[in-house]
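Show me how the following folds:
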Amino acid sequence: MTRLTVPALGIAIACALLAACQQQESPPAATAPTAAAAVKEGDAVAITGRMHDAELLEDIALQVRRAGAFPLIEYSSDRLARRLFFDVPAQYDSQTPAMDLALAEVFDVVIALNNGTSENLFEGADPQRVAARGEAGEAVGQAFMKRNVRQLELGNGLYPTPWRAKRLGLSEADLAKTFWEGVNVDYAALQTRGQSVKGALAAGSELHITHPNGTDYRMRIQGRPILVSDGTIGADDLKAGGPALQVFLPAGEVYTTPLAGSGEGRIVATRDYFRGQPIDNLSVTIAGGKVTALTGTGPGFAPMKADFDAVTDARKNEVSFFDLGINPNVRLPADSQVGNWVPAGTVTLGLGNNLWAGGDNAITYGMNFFLPGSTVTLDGKVIVDKGQLML
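Predicted coordinates for the structure are as follows:
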């Protein structure tokens, strides 16, 4: 799965969760999104999520209205999301999502709870249909970005569910603790660190990422925009617009995109999953910034490869971003083979869509490679040493 800009209302396929609302009038979980998304008087704000967190959605709506803005809640469910795929005729897969495009002209802010409850919701989906729907929806993300809609996603792959806790090598209680500590990070310190890391990357030219699993990859970043997800949308972000108007919570990432054609080497994810099925040693070989070979083992590899092959757009092959986690509060077990975006020192590389990272690849397909424990050099200087952030 790729990271996209926050999806439009009607076509959202959620992939993460957020905890249920605390029983108090203005819980932190409800107040944080309105502040982080810079909600202001007069804004039209879309709030989306699954129905089991209805109380939290409503509390967020209350805080939006208290700011003088106008909330609209879209409730959905895993059941509905699945039926909207499997029970709708394939003839409509390539239909342009006209309502979503219209909504891009209405809303100033989208706050999305990625709180689906199933890791294999679309198990058995026809790869050709998945590819067709992705192609049809590409214009939606571009429309929201072009109009400078502020977009906030809650969850960021860390909600404490039993399956996610097992995957990350944590108990449910420890994952819940990690999640909330990540959300409640010292944002002033996070912003300072983000600007420091951004400055270092902006002054550099070539990144070299290595890992004991066989990853050995070089990419050039000189002159490329560097973005920071630090939990806020500030004045500079509002001025910059586009991808600078996105927040992912828990926050704590610095990311950029490569110079076209500059990537060379091999990227390996020791353990990954596709719709709940494990993939071992998922590996891509890259030449000229594009994938020339894709291999892996495990029960999840064949269906993942089928989805990959069904996408005919060549942009799927582009290694499109470098993401560096900077959140000191999010810590995963040292032996965890599956990573996340935000732990300080974690590296993520990916294929496909990179609009969110300041690039121009708008394809809705993508693939992420979490590489906890990597070593990274910038022009020969170590900036990450075996997963430890040195900046």
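
Show me the shaky parts of this structure.
Within the chain, the segments meeting pLDDT under 70 span 1-32, 116.

again, 50 this time
Along the chain, segments meeting pLDDT under 50 span 7-27.

Can you list the residue ranges for helices in the stretch 101-250 of the chain?
Per DSSP state H, counting those that start in this stretch, the stretch 101-250 of the chain carries helices over the ranges 127-136, 138-146, 162-168, 172-183, 187-202, 235-240.

and residue 205, how many residues sit next to it?
Number of residues near residue 205 (other CB atoms under 10 Å) recorded here: 13. Any C-beta I mention is one placed from the backbone N, CA and C, and that applies to glycine too.

cool, and residue 278?
Using other CB under 10 Å, residue 278 has 18 other residues around it.

dump the residue contacts of it.
Neighbouring residues of residue 278 by CB atoms under 8 Å, 6 or more residues apart in numbering: 271-272, 298-300.

who wins for most neighbours among those residues?
Using other CB under 10 Å as the neighbour criterion, residue 272 leads the contacts of residue 278 with 25 neighbours.

does it really touch residue 282, like I thought?
Yes: contact criterion CB atoms under 8 Å: residue 272 and residue 282 qualify, at 4.8 Å.

picking that back up, who wins for proximity to residue 50 among the helices of the stretch 101-250 of the chain?
helix 162-168 (15.5 Å; CB to CB).

And the contacts of residue 278, which is closest to residue 387?
Nearest to residue 387 out of the contacts of residue 278 is residue 271 (CB to CB; 15.5 Å).

Quickly note the distance from the closest residue to the closest one other than its chain neighbours to residue 281.
Excluding its sequence neighbours, the residue lying closest to residue 271 (CB to CB, 6 or more residues apart in numbering) is residue 337, at 3.9 Å. Residue 337 sits 10 Å away from residue 281, going by CB to CB, to the nearest Å.

what residues are shared contacts of these two?
Common neighbours of residue 337 and residue 281 (criterion: CB under 8 Å, 6+ apart): residue 270.

Same drill for these two, tell me which one is more crowded.
Neighbour count, other CB under 10 Å: between residue 337 and residue 281, residue 337 has more, with 19 against 16.

tell me which element the more buried one falls in.
Remark: residue 337 resides in no helix or strand, with elements defined by DSSP states H and E.

what residues are up against it?
Contacts of residue 337 by CB under 8 Å, 6+ apart are 270-271, 372.

how many neighbours does the closest residue to residue 301 other than its chain neighbours have?
Leaving out its chain neighbours, the residue that sits closest to residue 301 by CB to CB, 6+ apart is residue 279, at 4.8 Å. Neighbour count of residue 279, defined by other CB under 10 Å: 21.

now do residue 126
Neighbours of residue 126 under the rule other CB under 10 Å: 16.

Angles on the backbone of residue 270, please.
With angles defined as degrees, to the nearest 10, residue 270 sits at phi -60, psi -40.

related to what we said a few turns ago, out of the helices of the stretch 101-250 of the chain, flag the one nearest residue 263.
Closest approach to residue 263 among the helices of the stretch 101-250 of the chain (CB to CB): helix 187-202, 15.9 Å.

what's the closest of the contacts of residue 337 to residue 87?
Among the contacts of residue 337, residue 271 lies closest to residue 87 (CB to CB), at 33.2 Å.

Same question for the helix or strand harbouring the closest one: list its buried residues.
Taking DSSP H and E as the criterion, residue 271 maps to strand 264-274. The neighbour-count check on strand 264-274 (16 or more other CB atoms under 10 Å) flags 264-265, 267-274 as buried.

so can I have JSON lines of those showing distance to residue 360?
Shown next, in JSON lines, are these (distance: CB to CB, whole Å):
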{"residue": "264", "distance to residue 360": "21"}
{"residue": "265", "distance to residue 360": "23"}
{"residue": "267", "distance to residue 360": "21"}
{"residue": "268", "distance to residue 360": "27"}
{"residue": "269", "distance to residue 360": "25"}
{"residue": "270", "distance to residue 360": "31"}
{"residue": "271", "distance to residue 360": "31"}
{"residue": "272", "distance to residue 360": "26"}
{"residue": "273", "distance to residue 360": "29"}
{"residue": "274", "distance to residue 360": "27"}
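
Mind picking the two most distant members of the residues you listed?
Taking CB to CB, the two most distant members of these are 264 and 273; they sit 27.5 Å apart.

Could you check how far residue 322 is from residue 218?
According to CB to CB, residue 322 and residue 218 sit 11 Å apart.

Look up how far residue 123 lies from residue 90.
Counting by CB to CB, the separation of residue 90 from residue 123 is 18 Å.

that older thread, what touches both of residue 272 and residue 282?
Counting by CB under 8 Å, 6+ apart, the common neighbours of residue 272 and residue 282 are 296, 369.

which SS class is the residue nearest to residue 301?
strand (DSSP: H, G, I helix; E, B strand; the rest coil).

which one of residue 322 and residue 218 has more residues nearby?
More neighbours surround residue 322 than the other of residue 322 and residue 218, with 26 against 16 (other CB under 10 Å).

C-alpha coordinates for the helix or strand containing the more buried one, CSV please?
For residue 322, the host element (DSSP H and E) is strand 319-325. Extracted in CSV, the C-alpha atoms of strand 319-325 (Å, rounded to 0.1, in the frame of the first residue of the first chain):
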residue,chain,number,x,y,z
VAL,A,319,11.5,4.9,-6.8
SER,A,320,9.8,8.1,-5.7
PHE,A,321,10.7,9.2,-2.2
PHE,A,322,13.0,9.0,0.8
ASP,A,323,11.4,9.4,4.3
LEU,A,324,13.3,9.7,7.6
GLY,A,325,11.5,9.3,10.9
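
Return the list of helices and strands in contact with that strand.
For strand 319-325, the helices and strands in contact under the criterion 3 or more CB pairs under 8 Å, 6 or more residues apart in numbering; DSSP states H and E are strand 216-220, strand 253-256, strand 347-352.
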